[in-house]
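Colleague: Here you go, sequence then predicted model.
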2 protein chains.
Amino acid sequence: MDITKTLAALNNPVRRQILVWLKDRSNFPPALAEHADLDGVCVAYIQAKAALSQSTISSYMGLLKDAGLVTSERHGQWTFYARNEAAIEAAMQALTQELTKS
Amino acid sequence: MDITKTLAALNNPVRRQILVWLKDRSNFPPALAEHADLDGVCVAYIQAKAALSQSTISSYMGLLKDAGLVTSERHGQWTFYARNEAAIEAAMQALTQELTKS
DNA sequence: TCCATATATCGAAATATACCGATATGCCAT
DNA sequence: ATGGCATATCGGTATATTTCGATATATGGA
């Protein structure tokens, strides 16, 4: 849990928004039938909502994953990204712990 | 409470360290007798601990103040900076609220 | 095998951030 | 007024981030 890397990843409004969107699968178009059991969202769906280029979103997801805030699973040609709830909570706790007094 | 400005201010290890140091006045040299009643710390003391230039620390404190994380009080030729506990806690809560699921 | 699709990576341009030294400003004592 | 501190601001350079389009890689299907 690298707090510096975490804050760098969070220090961008689009990346934060993606984390918020990923709270609820219904923020994205329905998954293909063959992916119905997966809880992640593919890059193309995230890209469409964020309205930035494919390469930008791909690298954003890489940053979020590097910081541990999301997980990724490749299924065929798709990569599915999902929130890492435990890591997100741990990061918030660590930051709060470090910065608040009590 | 601008979460973007807050995260930008926190996205620097020295600025975070300054916030941590300011938790405890005894992290700095004793205040002059005439400043004994003030709870803040002057720029020069912060600069000495951070070991960056005076201008850098002055602008860092400006960023932290702009984000609301510290308050400043001028007394004579000195500016005393102190943590804004309520704002720091509010910022942590807001960030946690936005990013965590439950 | 060849092609289309999804994602990742590369290289570049524009902008922001991290610092610095020099200078300006404000305050105090003489 | 003059000089000496403490702090703020300015202008600059080096580095990092944002974002793109182009290209590479991987996969799955005809």
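Modeller: Ah, there it is.
Colleague: and chain A, which residues reach chain B?
Modeller: A:4, A:7-8, A:10-11, A:13, A:16, A:19-20, A:23, A:83, A:85, A:88-89, A:92, A:95-96, A:98-101 (CB under 8 Å from any CB of the partner chain). In short, each C-beta sits where N, CA and C put it, glycine included.
Colleague: Okay, helices next: where are they in chain A?
Modeller: Along chain A, the stretches classed as helices by DSSP state H are A:3-10, A:13-21, A:43-50, A:54-66, A:85-99.
Colleague: Packed most tightly, which of these would that be?
Modeller: Most buried of the helices of chain A by mean neighbour count (mean count of other CB atoms under 10 Å in any protein chain shown) is helix A:3-10; its value is a mean of 19.
Colleague: what's in contact with that helix?
Modeller: A:15-16, A:19, A:63-64, A:66-69, A:91, A:94-95, A:98, B:7, B:10-11, B:13, B:95, B:99 (CB atoms under 8 Å, 6 or more residues apart in numbering or on different chains).
Colleague: does DNA strand D sit close to it?
Modeller: Yes. Counting by CB under 7 Å from any atom of the strand, DNA strand D is contacted by helix A:3-10 at A:A8.
Colleague: Export only the CA atoms of that helix, formatted as PDB.
Modeller: C-alpha atoms of helix A:3-10 as PDB (Å, rounded to 0.1, in the frame of the first residue of the first chain):
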ATOM      1  CA  ILE A   3       0.400   6.100  -0.200                       C
ATOM      2  CA  THR A   4       2.300   8.200  -2.700                       C
ATOM      3  CA  LYS A   5       1.300   6.100  -5.600                       C
ATOM      4  CA  THR A   6      -2.300   6.000  -4.300                       C
ATOM      5  CA  LEU A   7      -2.500   9.700  -4.100                       C
ATOM      6  CA  ALA A   8      -1.000  10.200  -7.500                       C
ATOM      7  CA  ALA A   9      -3.600   7.900  -8.900                       C
ATOM      8  CA  LEU A  10      -6.400   9.700  -7.100                       C
END
